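> Just the structure for this:
(one chain, ligands or ions: 1)
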Amino acid sequence: MSAKHVILVTRKLPDAVEERLARDYDVRLNPTDRLYGSEELIKMSEGAFAILPCHTERFTADVIQRLPDSVRAIANFSVGVDHCDLEAAKARGIIVTNTPDVLSDATAEIAMLLMLGAARRAGEGEQLVRSGDWKDWSPSFMVGTQMTGKRLGIVGMGRVGQVVARRARGFGMEIHYHNRTRLSAAAEEGATYHGDLQDLLRLSDFLSLHCPATPENQGLLNADRIAALRDGAIVVNTARGAVVDDDALVAALRSGKLAAAGLDVYNNEPDNDPRYRQIQNTFLLPHIGSATRETRNAMGNRAIENLADIAAGHEPNDRVA
Ligand code: 8YV
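The predicted structure is shown next:
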């Protein structure tokens, strides 16, 4: 029997996922869940056939060039792959996969939570009750914005965007979207397509970001685009911090141009822009879009299926490079 492939697993994964990996491979686990720096990552990869990382490990062109020759694949435990330089991986013939589909429901739930939290001032309210500072009630107390009947603009109508549209319909919202390509009428489920992002912005009461952090999408929500939004609009981001220009968003929240923002992802996580914490009209979560037991297990299984295909010399389902 040939020796099992060595797999480097960079973070602590659910027990069932690690057990399944240990059955089929010679696994290098990280039981204390320590974050590896680039040098350590390269060193730990020595002799490994594949790496199973999270978005917390950065595979820059330099890191990829310096990976040992043994490394044939990076089977990500994430749908986003902006932490990997895909061109550099292709140049070295390293296969890269991700875990689409399985986190769409969980992430859409967090998008709904962010919309509700931002619109109904849930962060402020929770803080008030928790601190013991809640002293009175009046008709003007903690008045927010209602979601029912409002227009939701979705930027990026992929897997997550489509689930958000479905959930938001349950809230009586009217769905509009911008995407590189228009969906089929069946997939649109009555949503209105806007080929021009400006057109979407102009009519959105709520805007939810679901586009990947490709180089073209860096800082997509900038001052000009925020200016195009309706006054008092609410912005939520479950995609990546990189698609937002923080200076522009902070300025719009401070001036009241935007009523509120709900954010789960940030530039430079977890050391995010401190101004978001100082502003009242933000509802902030720590990148937990896919953090459910169900989804974590499903992400692990999806990464394992990709690994199994690669190890068997087959094309993996979720190849991105
Ligand atoms: C994951 C995510 O938890 O999959 C993604 O792209 O942003 C998260 O929800 C994380 O990336 C795990 O590596």
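
> Can you give me the buried ones in the host helix or strand of Ala248?
Using DSSP states H and E, Ala248 maps to helix 246-255. Residues of helix 246-255 classed as buried by neighbour count (16 or more other C-beta atoms under 10 Å): Asp246, Ala248, Leu249, Val250, Ala252, Leu253. No exception for glycine: its C-beta is placed from N, CA and C like everyone else's.

> which residues are contacting the next helix or strand after that helix?
Sequence-wise, the next helix or strand downstream of helix 246-255 (DSSP H and E) is strand 258-263. The contact list for strand 258-263, computed with C-beta atoms under 8 Å, 6 or more residues apart in numbering, reads 113-115, 117-119, 121, 144-145, 226, 229, 232-237, 241, 249, 252-253, 276, 281-285.

> between the buried residues of helix 246-255, which is closest to Lys135?
Of all the buried residues of helix 246-255, Lys135 sits closest to Leu253, with 26.2 Å by C-beta to C-beta.

> Quick check, that closest one in contact with Gln278.
No - applying C-beta atoms under 8 Å as the test, Leu253 and Gln278 come out as separate, 10.2 Å apart.

> Would you mind stating the distance between the nearest residue to Ile226 once chain neighbours are set aside and Asp15?
The spatially closest residue to Ile226, leaving aside those adjacent along the chain, is Ala252, at 4.7 Å (C-beta to C-beta, 6 or more residues apart in numbering). Here Ala252 is placed at a distance of 44 Å from Asp15 (C-beta to C-beta, to the nearest Å).

> Please identify the residues of the chain in proximity to the ligand?
Cys54, His55, Phe77, Ser78, Val79, Gly80, Leu103, Gly289, Ser290 (C-beta under 6 Å from any ligand atom).

> let's see it at 5 Å
For the chain, the residues in contact with the ligand (C-beta under 5 Å from any ligand atom) are Cys54, His55, Phe77, Ser78, Val79, Gly80, Gly289, Ser290.

> Count the neighbours of the second one for me.
Residues within reach of His55, counting by other C-beta atoms under 10 Å, total 20.

> So what's the residue count around the closest residue to the ligand within the stretch 201-321 of the chain?
With C-beta to the nearest ligand atom as the measure, Ser290 is the residue of the stretch 201-321 of the chain nearest to the ligand, at 3.3 Å. Using other C-beta under 10 Å, Ser290 has 26 neighbouring residues.

> Now name the helix or strand holding it.
Judged by DSSP H and E, Ser290 forms part of no helix or strand.

> my read: it touches Ala298, true?
No - with contacts defined as C-beta under 8 Å, Ser290 does not count as touching Ala298, sitting 9.2 Å away.

> Quick check: neighbours shared by those two?
By C-beta under 8 Å, 6+ apart, the residues touching both Ser290 and Ala298 are Leu103.

> residue ranges for the strands of the stretch 51-200 of the chain, please.
73-75, 95-97, 151-155, 174-178, 192-193 (DSSP state E, counting those that start in this stretch).

> Pick the most buried one from those strands.
strand 73-75 (a mean of 27; mean count of other C-beta atoms under 10 Å).

> chain center to the longest helix along the chain, what's the gap?
Across the chain, the longest stretch assigned as helix under DSSP state H is helix 293-311. On the basis of C-alpha atoms, centre = their mean, to the nearest Å, helix 293-311 sits 18 Å off its chain's mean C-alpha point.

> One more: stretch 129-136?
For stretch 129-136 - counting by C-alpha atoms, centre = their mean - the centre lies 33 Å from the chain centre.

> For that stretch, what does the pLDDT average out to?
Average pLDDT, stretch 129-136: 97.

> Can you point out the buried residues in stretch 13-22?
Here stretch 13-22 shows Leu13, Val17, Glu18, Arg20, Leu21 as buried, counting by 16+ other C-beta under 10 Å.

> Ok, stretch 32-51 next?
Tyr36, Leu41, Ile42, Met44, Ser45, Ala48, Phe49, Ala50, Ile51.

> mind listing what the most centrally placed residue in the chain touches?
Geometric centre of the chain, nearest residue: Ala239, 3.8 Å, by C-alpha atoms, centre = their mean. Listed by C-beta under 8 Å, 6+ apart, the contact set of Ala239 reads Gly80, Gly156, Val160, Leu209, His210, Cys211, Pro212, Ala213, Val265.

> Many thanks, we can stop here.
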